[in-house]
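Engineer: Mind looking at a prediction? Sequence and model below.
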Amino acid sequence: MKTLCDISALRYHRMPPVIHEVIDERLDQALGPGNWSFEGVAELLGLPKQPVHLLCTNQAARRHTVHQKTQLISAALPFGSRWDFGSYSSVTSPALTLFTLASHLSVVQLAMLMHEFCGNFSVYRPTKQERAYLQELCSQEASGDHGGWKPVLDANGKITDLWQRPAISNINELEKLANDLARAKGRATFIQALRLTREGAASPFEARTGIRLSTPRRLGGEGLSDLTFNARIELTDQAQLVAGQAKAYIDIVLRNPASGDEVGIECQSKLIHDREEKAIADANRITALQSMGHTIVQLSYRNLEDQAAFESVLSFIFKKLKINRIPKSPSLLRKERQLCYELFENGGAIDW
């Protein structure tokens with residue numbers, strides 16, 4: 001049985017279930033017995049300029065061709081680390097997929113993907129034909145919910161490349177896999193990325209913000225390690241009257257463990273918050289939270305990416321948390337610039 005791994009498996013796990021319904025049988029046939037050229041597999045995965053990446057477990061089975069690239073993991077694979085999707089084919093589990101990517105991604109790049117897999121979003125760029133098919137499905141179904149996956153729509157009701165879905169992995173799974181593959185290539189990068197990862201991010205914007213804030217200062221971040229994504233807040237009766245709901249979620253909550261002070265951050269993505277009804281609901285929700293005493297910072301993407309603007313926001317956050325922010329040395333500033341490059345540019349390695 002042939003097993004997709006690396007970027008082929010990444011693409012597979014980013015696909016909504018309705019696309020799997022269309023391609024899985026064809027993909028299984030293309031990977032079936034006797035088909036060693038694998039021509040056309042990359043097209044089915046939406047990666048026409050890439051060879052298909054396949055896992056192998058012994059050196060003798062390794063081979064590289066125009067249409068195929070193999071990755072060796074000689075250690076015994078833990079149970080459940082390969083998922084069958086056909087009679088002849090399987091795909092590495094989300095956790096093992098991240099592990100196979102660790103051999104050629106940086107620590108920050110891998111942490112970004114860990115936030116995606118352990119979060120509630122997927123970045124999926126469909127082909128032209130797939131986009132038309134998905135748009136038609138969304139037009140037919142009022143909920144737009146496909147097996148727990150729901151596309152984020154733009155202001156004109158068109159599907160975007162961002163999907164909301166339940167998490168497909170978690171920190172415990174990643175930690176267990178790292179322990180099971182103690183001597184496998186890429187483990188050091190995997191472990192370092194895991195230390196930067198938090199569960200529960202709902203968008204690339206939230207993930208980037210969380211990484212900038214929680215990454216240790218020695219690695220270019222702000223060292224605010226007590227960070228929670230999408231914290232659930234039970235609203236008081238009065239706050240419920242304002243928000244029109246019994247509970248609310250804050251995109252990111254930062255906490256000072258010493259004093260107990262907290263700051264909530266709302267990531268104001270134009271893609272998600274630009275519709276009038278959403279903007280009104282957000283305003284009501286934030287007002288309700290503030291009426292309960294929560295400090296809420298509304299962060300735009302520009303203020304995250306622009307260093308001078310971000311510094312201004314940070315000053316307010318540290319003040320409210322009652323934490324003395326020590327100015328960074330030239331060495332730490334270089335680390336910060338490197339972290340920002342990884343998060344916002346990264347050479348196209350992460351398709352956000």
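Structural biologist: It's in. Numbering: from 1, shown residues only.
Engineer: from here on, contacts and neighbour counts on C-alpha atoms
Structural biologist: Noted.
Engineer: For Trp83, grab phi and psi.
Structural biologist: Dihedral pair for Trp83: phi -110, psi 120, per degrees, to the nearest 10.
Engineer: For the stretch 101-250 of the chain, which segments count as strands?
Structural biologist: With DSSP state E, counting those that start in this stretch, the ranges of strands along the stretch 101-250 of the chain come out as 121-123, 150-153, 159-164, 227-234, 247-255.
Engineer: looking at the protein, which helix or strand is least sure?
Structural biologist: The helix or strand of the chain with the poorest confidence is helix 270-273; it has a mean of 64 (mean pLDDT, DSSP states H and E).
Engineer: residues of the following helix or strand past that helix that come out buried?
Structural biologist: Next in sequence after helix 270-273, counting helices and strands by DSSP states H and E, comes helix 276-291. Neighbour-count burial for helix 276-291, with 16 or more other CA atoms under 10 Å as criterion, is recorded at Asp282, Asn284, Arg285, Ile286, Thr287, Ala288, Leu289.
Engineer: quick check, nearest of these to Arg232?
Structural biologist: Nearest to Arg232 among the buried residues of helix 276-291 is Leu289, at 11.1 Å by CA to CA.
Engineer: can you tell me how far the closest residue to the closest one other than its chain neighbours sits from His13?
Structural biologist: The shortest distance from Leu289 to any non-neighbouring residue, by CA to CA, 6 or more residues apart in numbering, is to Ala239 (7.0 Å). From Ala239 across to His13, the span is 39 Å (CA to CA, to the nearest Å).
Engineer: ok, now Thr228?
Structural biologist: From Thr228 to His13 the distance is 25 Å (CA to CA).
Engineer: before we move on, what about Glu43?
Structural biologist: Glu43 is 16 Å from His13, where distance means CA to CA.
Engineer: Specify which residue of the two has the higher count of neighbours.
Structural biologist: Set side by side, Glu43 and His13 show more neighbours around His13, with 20 against 15, by other CA atoms under 10 Å.
Engineer: just to confirm, which helix or strand has the more buried one in it?
Structural biologist: Element membership for His13 (DSSP H and E) is helix 6-14.
Engineer: That helix vs strand 159-164, what angle?
Structural biologist: 90 degrees (axes from the mean of the first three to the mean of the last three CA atoms, to 10 degrees).
Engineer: Show residues contacting helix 6-14.
Structural biologist: Residues outside helix 6-14 that contact it (CA atoms under 8 Å, 6 or more residues apart in numbering): 42, 45-47, 52-54, 91-92, 94, 97-98, 100-101, 122-124.
Engineer: let's see 7 Å
Structural biologist: Helix 6-14 is contacted by residues Leu45, Val52, His53, Val91, Thr92, Pro94, Thr97, Thr100, Leu101, Ser122, Val123, Tyr124 when judged by CA atoms under 7 Å, 6 or more residues apart in numbering.
Engineer: ok now do the first one, which residues does it touch?
Structural biologist: With CA under 7 Å, 6+ apart as the criterion, the residues that contact Leu45 are Arg11, Tyr12.
Engineer: Could you do Leu181 as well?
Structural biologist: Applying CA under 7 Å, 6+ apart, the residues contacting Leu181 are Ala75.
Engineer: Span of stretch 181-190 from start to end?
Structural biologist: 11 Å.
Engineer: same question but for stretch 20-40, I mixed them up
Structural biologist: End-to-end for stretch 20-40, by CA to CA: 16 Å.
Engineer: how about low-confidence regions in the stretch 251-352 of the chain?
Structural biologist: 271-275 (pLDDT under 70).
Engineer: returning to what we had before: save the buried residues of helix 276-291 as JSON lines, and put in distance to Leu332 too.
Structural biologist: What follows is these, written out as JSON lines (distance: CA to CA, whole Å):
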{"residue": "Asp282", "distance to Leu332": "36"}
{"residue": "Asn284", "distance to Leu332": "39"}
{"residue": "Arg285", "distance to Leu332": "37"}
{"residue": "Ile286", "distance to Leu332": "34"}
{"residue": "Thr287", "distance to Leu332": "37"}
{"residue": "Ala288", "distance to Leu332": "38"}
{"residue": "Leu289", "distance to Leu332": "35"}
